[in-house]
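Engineer: Mind looking at a prediction? Sequence and model below.
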Amino acid sequence: MTRASTVFVAPFALPSTLRFLGAAALLPDTTFSVVAQEPAASFMGALDDGVRGRIAEFVQVEDCHDAGQVEAAVRKIAGSTGRGVTALVGILEPLQEALAQVRERLQIRGMDRAEAGRFRDKSVMKDALRAHDLPCACHYLATDAAGALEFARGTMPLVAKPPAGAGARDTFRVDDVSQLEGWLRSHPPTPAQPLLLEEFVQGREFSFDSVSVGGQHLFHSISEYSPTPLQVMESPWIQWTVMLPRDIEVPEYAPILSAGPRALDALGMVTGMTHMEWFRRSDGSIAISEVAARPPGAQFTSLISYAHDRDFYRVWAEVSILEDFTPPPRRFATGAAYLRGQGAGRVARVAGIERANQELGDLVVESQLPKPGQPKASSYEGEGFVILRHEDTERVRDGLRRAVEILQVELSA
Ligand SMILES: Nc1ncnc2c1ncn2[C@@H]1O[C@H](COP(=O)(O)OP(=O)(O)O)[C@@H](O)[C@H]1O
Ligand SMILES: [Mg+2]
């Protein structure tokens, strides 16, 4: 008797995806199948033997973001395993709407299209948050240049972004109307490709990551970004750090501890992990920035695991597939320093390793140093990372600051 029959959708066998895939595959008493774009031989070749041995069916499709193709693959799997599929999951943000559509069509439990849409479209999300009196930046979804300029004249500085972007890739700050005019001439917004404009929120940025089961928000974790991802994108010399303080049930976090769960209710979160980003202004007021209905990326799931001494890849699988979760206590402060080469070319070497080992060796719990020959990364996460952990939050905070001072990734053509 199996407790679940899972289909995991993953276009390619990327290392971050495989952490979640492995956890889902290894859940006991379940049947596990994969839908992917990558051919079976190379996808399977990237898996550990134990995980590979758990895969009942593998179906290759041309496009995992196409609900029709995923639906056909799921029907095929249900036919050949002889079991109704009870969980359809995937961790990548752009997949969420297609998965929701297929769940609805095949009556598989989990997030439906309306829910997924509220998390995916930042304009719909902000409308829902504001309707529940939750703090967020003023926004305007521009479908033509005239509307964009009118909003911009009353709201400067502002941030412009596509309504469903990711990785801060297409997000930029606008400081005056003429700068926006220039952009609108080369990228005029249309109803099919609108441009989201938001009041620029001045302040520090944080995340609020959560686990919900059956509409109950049972767990949250807070992390502090230093500096904001937009500043890291704008400044190629900055190496980003993220820190999870040990104590988060403290007065300085009271506003998000109250607003975070209410925001999840406003968006209709039922079961799963979410990743919320929010700002705190210097006067202490907050603004919720965006919420994704998926586990966080950029090593955050590992960081949350280290802070609680619990494997949150497995937590994600148990929650999304079995709706099973007991929240663990937070026991450590932890954080990551993202190592990022400056200039152009490929990684030549990482300077400062010996020094970093001497100063920080006792704090390091995981590291992935950039390898010589590795191409320069396109994202603000850089080419590698170091994860630190300690019971004392200030030791981790100082350690992260030192790590980005000491470790320098040298690139060469
Ligand atoms: N309204 C805003 N005010 C100030 N900074 C913002 C605002 N919106 C986004 N940013 C900055 O841009 C980054 C990327 O924007 P975000 O909406 O999170 O896009 P993505 O989905 O690509 O992560 C954020 O992490 C934040 O640093
Ligand atoms: Mg973001």
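Structural biologist: Noted; the coordinates are in hand. Ligands and ions are numbered 1, 2, ... in the order given.
Engineer: Spell out which residues of the protein are next to ligand 1.
Structural biologist: 137, 159, 161, 165-168, 171, 198-201, 205, 228-230, 277, 289-290 (C-beta under 6 Å from any ligand atom). All C-beta spots, glycine's among them, are computed from the backbone N, C-alpha and C.
Engineer: One more pass at 5 Å, please.
Structural biologist: 137, 159, 165-166, 168, 171, 198, 200-201, 228-230, 290 (C-beta under 5 Å from any ligand atom).
Engineer: need the helices for the stretch 201-350 of the chain, in chain order.
Structural biologist: 229-234, 254-267, 300-308, 312-317 (DSSP state H, counting those that start in this stretch).
Engineer: starting at the chain centroid, how far to the second one?
Structural biologist: So the one you mean is helix 254-267. Computed by C-alpha atoms, centre = their mean, to the nearest Å, the separation of helix 254-267 from the middle of its chain amounts to 18 Å.
Engineer: Only the buried subset of the residues of the chain next to ligand 1, as a PyMOL command please.
Structural biologist: Burial among the residues of the chain next to ligand 1 is assessed by 16 or more other C-beta atoms under 10 Å; the matching PyMOL selection reads:
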select buried, resi 137+159+168+171+198+200+201+228+229+230+290
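Engineer: Just send the residues of the chain next to ligand 1 back as a markdown table, with distance to E383 too.
Structural biologist: Listed next are the residues of the chain next to ligand 1 as a markdown table, based on distance: C-beta to C-beta, whole Å:
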| residue | distance to E383 |
| --- | --- |
| A137 | 32 |
| V159 | 27 |
| G165 | 22 |
| A166 | 19 |
| A168 | 17 |
| T171 | 22 |
| E198 | 30 |
| F200 | 29 |
| V201 | 30 |
| T228 | 21 |
| P229 | 17 |
| L230 | 20 |
| E290 | 26 |
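Engineer: picking up where we left off before, mean pLDDT lowest where, among the helices of the stretch 201-350 of the chain?
Structural biologist: Mean pLDDT values for the helices of the stretch 201-350 of the chain show the minimum at helix 229-234, a mean of 93.
Engineer: tell me what that helix is packed against?
Structural biologist: Applying 3 or more C-beta pairs under 8 Å, 6 or more residues apart in numbering; DSSP states H and E, we find helix 229-234 packed against strand 172-174.
Engineer: Pull out the buried positions in the strand it packs on.
Structural biologist: For strand 172-174, using 16+ other C-beta under 10 Å, the buried residues are V174.
Engineer: from now on call the first residue 58
Structural biologist: Sounds good: first residue 58 from here, last item strand 229-231.
Engineer: what does it rub up against?
Structural biologist: 209, 213-218, 237, 240, 254, 257, 287, 291 (C-beta atoms under 8 Å, 6 or more residues apart in numbering).
Engineer: From ligand 1, how far out is T138?
Structural biologist: 36 Å (C-beta to the nearest ligand atom, to the nearest Å).
Engineer: what about that residue, how many residues close to it?
Structural biologist: When neighbours are defined as other C-beta atoms under 10 Å, T138 has 17 of them.
Engineer: Next up, the contacts around it.
Structural biologist: Each residue near T138 by C-beta under 8 Å, 6+ apart is listed here: S62, T88, S90, A113, E114.
Engineer: And the residues you listed, which of them are buried?
Structural biologist: S62, T88, S90, A113, E114.
Engineer: and those as JSON lines, adding pLDDT?
Structural biologist: Compiled in JSON lines, the buried ones among the contacts of T138 are given as follows (pLDDT from 0 to 100):
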{"residue": "S62", "pLDDT": "95"}
{"residue": "T88", "pLDDT": "95"}
{"residue": "S90", "pLDDT": "98"}
{"residue": "A113", "pLDDT": "96"}
{"residue": "E114", "pLDDT": "96"}
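Engineer: nearest to D381, of the residues you listed?
Structural biologist: Of all the buried ones among the contacts of T138, D381 sits closest to S62, with 15.9 Å by C-beta to C-beta.
Engineer: just the strands in the stretch 208-357 of the chain please.
Structural biologist: Ranges of strands within the stretch 208-357 of the chain are 215-218, 229-231, 252-256, 261-270, 273-283, 298-301, 329-337, 343-349, based on DSSP state E, counting those that start in this stretch.
Engineer: still on that earlier bit, using a markdown table, lay out the contacts of T138 together with secondary structure.
Structural biologist: Converted to a markdown table, the contacts of T138 look like this (DSSP: H, G, I helix; E, B strand; the rest coil):
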| residue | secondary structure |
| --- | --- |
| S62 | strand |
| T88 | strand |
| S90 | strand |
| A113 | strand |
| E114 | strand |
